[in-house]
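S.K.: Fold the stuff below for me.
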Amino acid sequence: MPGFRRLYPPAVASGSRALWFVFHDADLVIRNGAAWPLLEGSTDAPETGPVATPILIGEFDGLPLLAGAWLPGALVPDGYETTGLRALFARGDEQMSALAGCAAQLLRWQRTMRFCPACASPLAPVSGSWGRRCTACEYSAYPPINPAIIVLIHDDAGRALLTTRTGWGKRYSLVAGFVEPGETFEQCVVREVREEVGVDVADVCYVSSQAWPFPHQIMVGFMARYTGGAIAVDHNELADAAWFTRNDLPELPPPFTISRRIIELWRSGGQTLNVERLLPILRQHIFSRRAEGIDCQRRLEGLDRVWYVAR
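M.R.: Here you go, the predicted structure:
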């Protein structure tokens, strides 16, 4: 992320000024009406006063970036309000959303992983990471990231299969589900689609991913081609599933969600690239640039999306 550098324990904040994410339960404390979610302060405390479990997560624009939890029982002072992470995401500032999500996940990790789940002894920090290791039995753990797939199913007639859940009203989204042990992303797509809507798919194509700190998911987005079967909704998971054309879509998820981005990509006629055709082109480009003494890694860092078809 531009302007941000991650730091890990036992790093300490330097200087006199700092930026802070301050959380009141699951919500951020911000100045009244502020679009900027960060508070200013010193390296000891934010402008609102002392916080619980302060942690240094990195540097942002050269200043220490810290996060802390609101002291239990303390009231939010005049001039400040709270806002949810989802509301912050909806504002469309991807960098601030990602940083706030990172802060929320690390604070939750620090709060919940103080003792070993195997023997109940205290956990100690693992230097150079956010990991924690048991002082007695050597059990170690790291902040959890739960991978989940989300997939748009499309057919040869130009339709997409969208789903809705109880309580969503008229809003439809995509099939989604968590990856199971021993399962690849592509296998998870096939299984979740069959379980939730009863159809078969092939040509599973990666689109993009989105960190989703509710509480600690990473959503991995795909498209997949419908190959057969009648819709059979799992009503333990969904309220309805139906086919829609590009010109007759229902109410959709908010624009900041990966589900909406995948739907909009499909609606615009976005194309995928077969990795078997793409890799030889990339290799030829890389080898020719290496011969010219060009740093290929830096050239490739600008790529923000890779498409492939699973074979």
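S.K.: In a helix, S259, correct?
M.R.: Yes - assessed by DSSP: H, G, I helix; E, B strand; the rest coil, S259 belongs to a helix.
S.K.: That one is in contact with L174, isn't it?
M.R.: Yes - the pair S259 and L174 passes the contact test of CB atoms under 8 Å, sitting 4.8 Å apart. Yep, even glycine has a C-beta here, placed from its N, CA and C like the rest.
S.K.: Which residues are in contact with each of those two?
M.R.: By CB atoms under 8 Å, 6 or more residues apart in numbering, S259 and L174 have these common neighbours: I150.
S.K.: how's this protein carved up into domains?
M.R.: Domain ranges of the chain: 4-112, 113-144, 146-267, per automatic domain parsing.
S.K.: got TSV for those, with mean pLDDT and mean neighbour count too?
M.R.: Output for the domains of the chain, formatted as TSV (pLDDT from 0 to 100; neighbours: other CB atoms under 10 Å):
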stretch	mean pLDDT	mean neighbour count
domain 4-112	95	17
domain 113-144	97	14
domain 146-267	97	17
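S.K.: distance between stretch 257-267 and the chain's centre?
M.R.: Relative to the centre of its chain, stretch 257-267 is centred 15 Å away, using CA atoms, centre = their mean, to the nearest Å.
S.K.: how far does stretch 60-75 stretch from start to finish?
M.R.: End-to-end distance of stretch 60-75 (CA to CA, to the nearest Å): 28 Å.
S.K.: contacts for it?
M.R.: With contacts defined as CB under 8 Å, 6+ apart, stretch 60-75 is touched by 3-4, 13-15, 17-25, 29, 38, 43, 45-46, 49-59, 76, 99, 103-104, 106-107, 111.
S.K.: Over to stretch 115-128?
M.R.: Stretch 115-128 is contacted from outside by 8-10, 113-114, 131-137, 139-142, using CB under 8 Å, 6+ apart.
S.K.: Extract the CA atoms of that stretch and return them as PDB.
M.R.: C-alpha atoms of stretch 115-128 as PDB (Å, rounded to 0.1, in the frame of the first residue of the first chain):
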ATOM      1  CA  PHE A 115      -3.000 -18.100  26.700                       C
ATOM      2  CA  CYS A 116      -2.100 -21.300  25.100                       C
ATOM      3  CA  PRO A 117      -5.200 -23.300  23.900                       C
ATOM      4  CA  ALA A 118      -3.300 -26.500  24.500                       C
ATOM      5  CA  CYS A 119      -2.100 -26.100  28.100                       C
ATOM      6  CA  ALA A 120      -3.400 -22.700  29.300                       C
ATOM      7  CA  SER A 121       0.100 -21.300  29.900                       C
ATOM      8  CA  PRO A 122       0.900 -17.600  28.900                       C
ATOM      9  CA  LEU A 123       1.800 -17.000  25.300                       C
ATOM     10  CA  ALA A 124       4.800 -14.900  24.400                       C
ATOM     11  CA  PRO A 125       5.400 -12.800  21.200                       C
ATOM     12  CA  VAL A 126       7.400 -14.400  18.300                       C
ATOM     13  CA  SER A 127      10.000 -11.800  17.300                       C
ATOM     14  CA  GLY A 128       9.600 -10.400  13.800                       C
END
